[in-house]
Structures are given as structure tokens and as C-alpha cells.
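*Asks:* Here is a sequence together with a model predicted from it:
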Amino acid sequence: MSKQAIISVLVLVVFGGAGFLIWKSREPAQPTEPVFVAPTVEIVVAKAESLSLPVQTQGTVVARAESEITPEVAGRVEWMAPNFVAGGSFKPSEVLLRIDSRDYELGVEQARSRVAQAELRLSQIKAEAEQARAEWAAYSDQPPPPLAVRIPQIEEAESTAAAARADLERTQLALSKTSVRAPPYSGRVLGVMTGLGQVVAPGRPIAKVFNIDSLEVRLPLTDPQVGLIGLPPPGRPIETPPEVELSTLVGGKQQVWKARMTRTEAALDPRTRVVFGIAEMPDDAAESMGFGLSVGQFVQATVTGSPRADVYSLPRSALRGDDQVMIVDAQSKLRFRQVGVVNKSGERVVVSSGLDDGDKVVVSPIEFPVDGMAVTIRKPS
């Protein structure tokens, strides 16, 4: 055997013997209990309170009064006001358009002539009646018969004169209607459907206008939102109109207006099954600010709800799923609770049932939570 092989065998024997000695001298392993570290959680203490819950919705500004301007007489348009155009503004009862009045002026003159003729005939018959009465008295002490003293003729002449005067008044009224006036409110023109030289006819609209001093907003409300606000069934009067805050961007700036929900529409919308609440702006409120509301403008609305007693306001992070929270019981154990959620807005959630005063509600996330697991409450720093 070579010298190198002998050395290799000796090395193997030495290391093998050392390993055997180490194996023989080992101590037996002792079993240990696993150490469980309870997760640390953050909590808030539930406290019942009375809250007025806001309801968020949105809607479109509409005019409370819209009108169609319709001429009452026929004729050719001979003059239109410069502001009688789409987008133009007008004052109450302002003259917006004039119709050719020559035919109506002639009618007035003819009616005056008929009145004069009728009154002249009435005067003549009355004079004849006086003469006949005097002649009868000269020859008889008996009362004269009606026909002898022209009583039927007088009545007929008086009726003819009254009809002539009524005809004159009617023609004068028709003449006055050749000046087409705006409705009795300040407003704006949505559209005009006529022009200079065109012939207009009674009953055919020539323009559409709306009132700028009385604006309102139609706000869609779901059934839960109706309950939060405390509104009566659709169509019934609202005894205490809730306040509404309207806001939108106007000219690049956020503008806010105050309004009140004074009524609801009479029925649910058949397509969306929502009821529309009507928020009315105070007269001139929009125009009294730096920027006014415009018809057709989209606005966000916050409606002040009716006060709710014994509800709990919690951070949004306390809610697990749609209707569940976790609390820590007196033994520092985690427990699941089903709750009744009445409102979610922003970073808060409002609960009406499922909690008691003093409950410790978990607001921090927990990985793989198990009902009954031990937890540690993080102390505030």
C-alpha cells in the first residue's frame, strides 16, 4: 500500500471517530411550547349620540316659471325689441314686439262712428218720447201706454248704443294687443320663432321665456335618503322644509348657495324609482352674489337630514364588508358584530344598531381575523 493511501485511511478513521464521539455525547432535544404573539389593534370607543345626517345628491337648475309668448291678434311683425333674441333679458311687461296696427286703428274709428250714430238715435228717440208724453198729458189724465211714449224704442236704442260701445272697447283692446308684452316677471328668452316681416297668428307661440327670479333644483332621492331627511310620502306637504346647500364651479371658482326643500313631486319616477325633491332658491338670491345660477346648470347638493337619536359615528375603517364590525371584549378577545348602517359619507360611517355604549371597536386592519382570537389594544402614544 502506498504512503498516500495510508494517510487517507488514517484521516477517515480520525474524522469518523470524532464524529462518533460527538454523536454519543449529544444531549436529547427538549420539546418547547409554541409562543403566540397576540396582534396589536387600534380601537375607538362607541358612544351613542344624536346626529343630523347629511344626504348627498345632485341635480339640475330649472326655472320655476316658464312661459310661451303667444300673440292674441294676427298681423305682420313691424318691430322687435333689440333684447328679444335668444339669451336676451327683459323686464316685467316690457314691450317685445309690435304688429302692424293700421287695420286695428281703422276698426277703432269705425267703432267710434257706430257709437256716435247709436247715441244720436237714442237722443232723438228720447226727445220724441218727451214730446209724446207732453202731448198725451194735454189731452188725457190717464197714464200713457208704453208704446205711445216710445218706451220700447228707447230700450232698443239703449241696447244698440251699449253694443256699439262694447264693440269700440273690443277694437281698442285688439289695438292694444298689437304690442306684444313680456310676462309680469323679469326673465330671459330661451328662443324666438318669428322675425321682422313675418305674419303671426293668434294661438301660435312666437317665443319661449323663463323667470330668472325664481329658480329651483330637482334633486333625485332614493328611499333610504327620503328616510334620512324625514320627508313625507310623495306629493304631501313638507311641514318643516330642510335646508339644502348647493355648490358648483362658476367661472372656475366654487360657489355655494342656500336653499330649502319645499316640496316633492307627486309620484315616483317610473324608470328610476326615485322621488324628486324640489329645492327652491330665495327670490334674487342667485343674482345677489358674485356669480349667479343659470338654468340648466348642474349642481351638487347637501340636504340636512332630520336628527337621529342613539346612533354611533365611527371611522370608515371600522366597517368590514357592508354591515360588520369587530370589537374587543372584556377578555381581550376579538368578536364580530353585525350592525345596521344608516349612512356612509366621506371618512365616517353611522350605525344605528348592533353596538352598545362603551364597545371597543377595532379600526385597524387585521390579517386573517378569527372570532375569539386574543388581541392587544395599542395604547395611545
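*Replies:* Ah, there it is.

*Asks:* so where's this protein shaky on pLDDT?
*Replies:* 1-36, 283-292, 380-381 (pLDDT under 70).

*Asks:* Check which helix or strand residue 113 maps to.
*Replies:* Residue 113 belongs to helix 102-139 when assigned by DSSP states H and E.

*Asks:* Report the separation between residue 245 and residue 54.
*Replies:* 9 Å (Cβ to Cβ, to the nearest Å). For every residue, glycine as well, the C-beta is placed using N, CA and C.

*Asks:* If you could redo that for residue 280, that was the one I meant.
*Replies:* The value you get for residue 280 to residue 54, if Cβ to Cβ is used, is 19 Å.

*Asks:* quick one, strands of the stretch 1-150 of the chain?
*Replies:* All strands of the stretch 1-150 of the chain, identified by DSSP state E, counting those that start in this stretch, fall at 40-41, 43-45, 49-63, 66-69, 75-80, 89-90, 95-99.

*Asks:* any shared contact partners between residue 245 and residue 54?
*Replies:* By the contact definition Cβ atoms under 8 Å, 6 or more residues apart in numbering, residue 245 and residue 54 are jointly contacted by residue 302.

*Asks:* How many neighbouring residues does residue 266 have?
*Replies:* 11 (other Cβ atoms under 10 Å).

*Asks:* repeat for residue 221
*Replies:* Applying other Cβ under 10 Å, I find that residue 221 has 23 neighbouring residues.

*Asks:* For it, list each beta-bridge partner.
*Replies:* residue 275 (DSSP bridges).

*Asks:* Residue 344 too?
*Replies:* Under DSSP bridges, the beta-bridge partners of residue 344 are residue 349.

*Asks:* what's around it, how many residues?
*Replies:* Counted with other Cβ under 10 Å, residue 344 comes out at 12.

*Asks:* How much space separates it from residue 314?
*Replies:* Applying Cβ to Cβ to residue 344 and residue 314 gives a distance of 10 Å.

*Asks:* which neighbours do the two share?
*Replies:* residue 350.

*Asks:* So which of the strands of the stretch 1-150 of the chain is nearest residue 359?
*Replies:* strand 43-45 (7.3 Å; Cβ to Cβ).

*Asks:* Partner strands of that closest one, with direction?
*Replies:* strand 360-362 (antiparallel).

*Asks:* which other residues reach the partner strand?
*Replies:* Contacts of strand 360-362 (Cβ under 8 Å, 6+ apart): 41-46, 314, 318, 325-328, 334, 355, 375, 377.

*Asks:* max-length strand in this protein?
*Replies:* strand 298-315 (DSSP state E).

*Asks:* Note down every partner strand of that one and its orientation.
*Replies:* Checking strand 298-315 against DSSP bridges gives partners strand 49-63 (antiparallel), strand 243-250 (antiparallel), strand 348-353 (antiparallel).

*Asks:* Distance to residue 294 and mean neighbour count added to those strands, as a markdown table?
*Replies:* As requested, the strands paired with strand 298-315 are exported to a markdown table (distance: least, Cβ to Cβ, whole Å; neighbours: other Cβ atoms under 10 Å):
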| stretch | distance to residue 294 | mean neighbour count |
| --- | --- | --- |
| strand 49-63 | 7 | 17 |
| strand 243-250 | 8 | 18 |
| strand 348-353 | 33 | 18 |
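
*Asks:* who wins for proximity to residue 210 among those strands?
*Replies:* Short answer: strand 49-63, nearest of the strands paired with strand 298-315 by Cβ to Cβ, at 3.6 Å.

*Asks:* ranges for the helices of the stretch 201-350 of the chain?
*Replies:* Remark: helices assigned in the stretch 201-350 of the chain by DSSP state H, counting those that start in this stretch are 223-229.

*Asks:* related to what we said a few turns ago, would you format the strands of the stretch 1-150 of the chain as CSV with distance to residue 228 included?
*Replies:* As requested, the strands of the stretch 1-150 of the chain are exported to CSV (distance: least, Cβ to Cβ, whole Å):
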stretch, distance to residue 228
strand 40-41, 31
strand 43-45, 23
strand 49-63, 5
strand 66-69, 32
strand 75-80, 51
strand 89-90, 39
strand 95-99, 46
